[in-house]
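> Just a sequence and a predicted model for now, questions to come.
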Amino acid sequence: MENCLFCKIAAGEIPSSKVYEDDRVLAFRDIAPQAPVHILVIPKRHIPSVGAVTEENSGLAAACLEAVARIAAQEHLDGGFRLISNCGPDAGQTVPHLHFHILAGRNMGETLV
Ligand code: AMP
């Protein structure tokens, strides 16, 4: 999609610190990390958010979750990780392209889920 930051990253038009890639999914390090490990997992094809997942595109969302599990093993996130997907303005979504934040490397406690 035109003028979508993460579509441009997926297309290689904007550089990223790549962690994982397959034919449907890309994962890269967040530019402003909020934990020692902060990785974004995106479908290469544009989906605006979790709120736009349908029967037609849910395979891509599932591919992202499969990638999350592979990345957790690859990055040795043995202490666990938090997975967040902000959806819409109240949740603080700033990039309207479906993405999952993998946060790890410190104890995040039991607040905010
Ligand atoms: P959200 O606020 O859930 O939409 O998350 C968007 C995330 O994208 C934020 O954590 C930003 O730090 C991150 N971000 C924005 N631009 C880039 C970029 N060029 N490369 C990597 N991460 C980015």
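Happy to help now that I have it. Numbers count the residues shown, from 1 in each chain.

> CA atoms for contacts and neighbours, from now on please.
Noted.

> got the CA positions of stretch 101-113 in CSV?
Extracted in CSV, the C-alpha atoms of stretch 101-113 (Å, rounded to 0.1, in the frame of the first residue of the first chain):
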residue,chain,number,x,y,z
HIS,A,101,5.7,-6.5,19.2
ILE,A,102,7.9,-9.1,20.8
LEU,A,103,9.2,-7.7,24.0
ALA,A,104,11.7,-9.6,26.1
GLY,A,105,14.9,-9.5,28.1
ARG,A,106,13.6,-8.1,31.3
ASN,A,107,10.8,-9.0,33.8
MET,A,108,7.7,-7.1,32.8
GLY,A,109,5.7,-8.0,35.9
GLU,A,110,2.0,-8.6,35.9
THR,A,111,0.7,-5.1,35.1
LEU,A,112,-1.1,-4.3,31.8
VAL,A,113,-1.9,-7.9,31.3
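
> is that stretch up against the ligand anywhere?
No: using Cα under 6 Å from any ligand atom, stretch 101-113 stays clear of the ligand, coming no nearer than 7.2 Å.

> likewise stretch 41-50?
No: applying Cα under 6 Å from any ligand atom, one finds stretch 41-50 separated from the ligand by no less than 9.2 Å.

> How about that stretch, which residues are buried there?
41-50 (16 or more other Cα atoms under 10 Å).

> Which residues does the lengthiest helix in the chain contact?
Counting residues, the longest helix found in the chain (DSSP state H) is helix 58-74. Here helix 58-74 makes contact (Cα atoms under 8 Å, 6 or more residues apart in numbering) with 19-20, 24-25, 41-43, 53, 78, 81, 100, 102.

> need those in JSON lines with secondary structure and pLDDT, can you?
Listed next are the contacts of helix 58-74 as JSON lines, based on DSSP: H, G, I helix; E, B strand; the rest coil; pLDDT from 0 to 100:
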{"residue": "Val19", "secondary structure": "strand", "pLDDT": "98"}
{"residue": "Tyr20", "secondary structure": "strand", "pLDDT": "98"}
{"residue": "Arg24", "secondary structure": "coil", "pLDDT": "98"}
{"residue": "Val25", "secondary structure": "strand", "pLDDT": "98"}
{"residue": "Val41", "secondary structure": "strand", "pLDDT": "99"}
{"residue": "Ile42", "secondary structure": "strand", "pLDDT": "98"}
{"residue": "Pro43", "secondary structure": "strand", "pLDDT": "98"}
{"residue": "Val53", "secondary structure": "coil", "pLDDT": "98"}
{"residue": "Asp78", "secondary structure": "coil", "pLDDT": "97"}
{"residue": "Phe81", "secondary structure": "coil", "pLDDT": "97"}
{"residue": "Phe100", "secondary structure": "strand", "pLDDT": "98"}
{"residue": "Ile102", "secondary structure": "strand", "pLDDT": "98"}
